[in-house]
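**Q** kindly return the folded structure for what I paste below:
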Amino acid sequence: MHAITITSLDGKFEKPGQVYYPLSLRSVPVPSPKGSELLIKLTAASLNHRDLFLRQHLYPGVCFETPLLSDGVGSVISTGPDVPHAQSWMDKRVILNPATGWKDAPDAPEPPGEFKIMGGTSFYNKGTLQEYITLDVSEVEEAPRHLSDAEAAALPLTGLTAWRALVTKAGEANSGPGAAVLITGIGGGVALMALRFAAARGADVYVTSSSEEKIKQAVELGARGGVNYKEAGWEKKLLGMLPKGKAKFDAIIDGAGGEVVEKGVKLLKDGGIISIYGMTVGPKMSWLIQAVLKNIDLRGTTMGSRKEFKDMVDFVKEKEIKPIVWKVIQGLDNIEAIDGLFDDMKKGSQFGKLVIEFGDSSGSKL
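**A** Have a look, this model is predicted:
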């Protein structure tokens with residue numbers, strides 16, 4: 001089968017941030033399911049920022065042997081000998097839990113050190129940018145039937161991250177009916193899924209972006225409004241958009257870091273929540289005494305547990321939510337086009353997920 005990895009330069013690792021590892025299309029044996037594993041014929045996979053960071057050696061555990069990407073969808077074509085009710089899994093279209101080692105603890109993975117994310121590292125030898133994969137039956141969910149392969153492939157990692165940031169970390173009261181939620185940097189996969197989830201939960205959602213077009217698109221997807229964060233005084237303008245009787249935001253869902261605490265002091269109610277799932281502006285930011293005096297709670301959050309993954313998928317099925325797919329290219333052997341998706345991510349030009357399709361879920365034969 002075909003699989004795509006990154007390739008070292010001159011047979012050695014380079015300094016983080018000073019390299020851009022090329023993609024390599026490899027021919028490798030088709031794996032055989034053992035124990036309680038399923039053999040899945042993958043049909044689509046999608047990019048996340050961690051994949052770009054791996055190519056730049058800005059992510060731990062860079063590996064030149066493990067296929068890239070964490071998100072994938074496909075059909076079960078065979079099962080290991082210990083899979084319960086094995087026949088019921090045959091030909092079933094499934095989406096893959098993008099990580100392993102975190103069952104259901106609400107605070108952090110249990111036990112410590114066992115949490116591993118799929119794709120491109122030495123910590124977990126699974127990745128979705130390949131034609132076939134074996135995975136334990138406990139690590140898949142039936143793909144929502146209202147989603148295409150591209151949409152289903154766009155869901156797992158961003159959906160799980162957004163769900164935990166919004167529901168688990170911001171909390172029910174700050175992300176449901178009557179709540180005012182600000183989602184910063186709209187356009188990325190996690191931010192868009194947080195928008196979809198918050199709107200479906202009945203919250204009033206607002207967004208920020210440097211692109212007026214992205215703000216307009218977010219409103220079409222359910223946001224009540226948005227502002228360009230490059231405009232002077234945008235915080236006051238944003239507060240003026242809140243519904244009558246609502247003076248401040250309940251929660252901010254943020255992936256940038258930077259000045260989010262400084263802005264949050266002005267935007268959040270006393271006791272408001274900043275749920276931060278990334279720090280793309282930089283690895284450090286300030287914590288202000290004003291935030292302390294307002295009892296603002298800054299909560300770091302990562303992807304999520306297996307339970308949260310199931311809860312998220314069930315919600316997507318119930319509400320028939322669709323991830324936003326910005327671009328789809330065809331074929332694992334289409335290296336130039338796959339490289340182009342990485343270029344889109346580097347430029348930040350996308351509004352939604354970047355997907356590679358390389359199979360047909362209606363076919364289930366090896």
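
**Q** just the helices in the stretch 101-250 of the chain please.
**A** Here the stretch 101-250 of the chain has its helices, by DSSP state H, counting those that start in this stretch, at 149-153, 156-163, 189-200, 212-220, 234-239.

**Q** looking at those, which is nearest to R93?
**A** helix 149-153 (7.5 Å; CB to CB). For the C-beta atoms, the positions are set from N, CA and C on the backbone; glycine is no exception.

**Q** who does V227 form a beta bridge with?
**A** Listed by DSSP bridges, the beta-bridge partners for V227 are T208.

**Q** okay but it is in contact with W234, surely?
**A** Yes: counting by CB atoms under 8 Å, V227 touches W234, with 4.4 Å between them.

**Q** so what sits against both of these two?
**A** T208 (CB atoms under 8 Å, 6 or more residues apart in numbering).

**Q** got a list of what the spatially most central residue of the chain touches?
**A** In the chain, the residue lying closest to the centroid (CA atoms, centre = their mean) is T158, at 1.7 Å. T158 makes contacts with 48, 71, 188-190, 192-193, 323, 353, as judged by CB under 8 Å, 6+ apart.

**Q** so for V227 and W234, which sits in the more crowded spot?
**A** V227 (22 against 15; other CB atoms under 10 Å).

**Q** quick one, what contacts that one?
**A** Residues near V227 by CB under 8 Å, 6+ apart: 206, 208, 215, 234, 237-238, 241.

**Q** and these, which are buried?
**A** Neighbour-count burial (16 or more other CB atoms under 10 Å) applied to those gives 206, 208, 215, 238.

**Q** what sits against the second one?
**A** Residues near T208 by CB under 8 Å, 6+ apart: 182-186, 215, 226-229, 234, 238.

**Q** I'd say K230 and E212 touch.
**A** No: at 10.4 Å, K230 and E212 do not qualify as touching, with contact defined as CB under 8 Å.

**Q** low-confidence stretches in this structure?
**A** The chain contains residues with pLDDT under 70 at 11-13, 361-366.

**Q** apart from its chain neighbours, what residue comes closest to K266?
**A** E235 (4.8 Å; CB to CB, 6 or more residues apart in numbering).

**Q** residues near the one you found, how many?
**A** 18.

**Q** ok, the one 4 residues further on next?
**A** Counted by other CB under 10 Å, the residues lying close to L239 total 17.

**Q** measure it to V313 for me?
**A** 35 Å (CB to CB, to the nearest Å).

**Q** just E357 next, same as before
**A** 20 Å.

**Q** ok so, going back, show me what contacts the closest residue to the residue nearest to the centre of the chain other than its chain neighbours?
**A** When the adjacent residues along the chain are set aside, T158 lies closest to G189, with 3.6 Å between them (CB to CB, 6+ apart). By CB under 8 Å, 6+ apart, the contact set of G189 is 46, 48, 154, 157-158, 323-324, 352-353.

**Q** hang on, isn't the residue nearest to K266 packed against K263?
**A** Yes: taking contacts as CB under 8 Å, E235 lies within contact range of K263: 6.0 Å.

**Q** show me the contacts for M118.
**A** Applying CB under 8 Å, 6+ apart, the residues near M118 are 69-70, 96, 98-100, 124, 126-128.

**Q** I'd like those residues as TSV, with neighbour count and distance to P112 appended.
**A** Formatted as TSV, those follow (neighbours: other CB atoms under 10 Å; distance: CB to CB, whole Å):
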residue	neighbour count	distance to P112
L69	27	26
S70	29	21
L96	28	24
P98	28	19
A99	25	15
T100	20	14
Y124	20	16
K126	25	21
G127	25	24
T128	29	26
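
**Q** quick one: R196 and G222 touch, right?
**A** Yes: R196 is in contact with G222 according to CB under 8 Å; the separation is 7.0 Å.

**Q** of those two, which one has the most company?
**A** A count of neighbours by other CB under 10 Å puts R196 above the other of R196 and G222, at 23 against 14.

**Q** from A105, how far off is the more buried one?
**A** 26 Å.

**Q** now V76
**A** Distance of V76 to A105, given as CB to CB: 29 Å.

**Q** the two: which is more packed in?
**A** Set side by side, V76 and A105 show more neighbours around V76, with 24 against 11, by other CB under 10 Å.

**Q** tell me the bridge partners for the more buried one.
**A** Those that pair with V76 in a beta bridge, by DSSP bridges, are I40.

**Q** that one is in contact with M90, isn't it?
**A** Yes: assessed by CB under 8 Å, V76 is found in contact with M90 at 6.0 Å.
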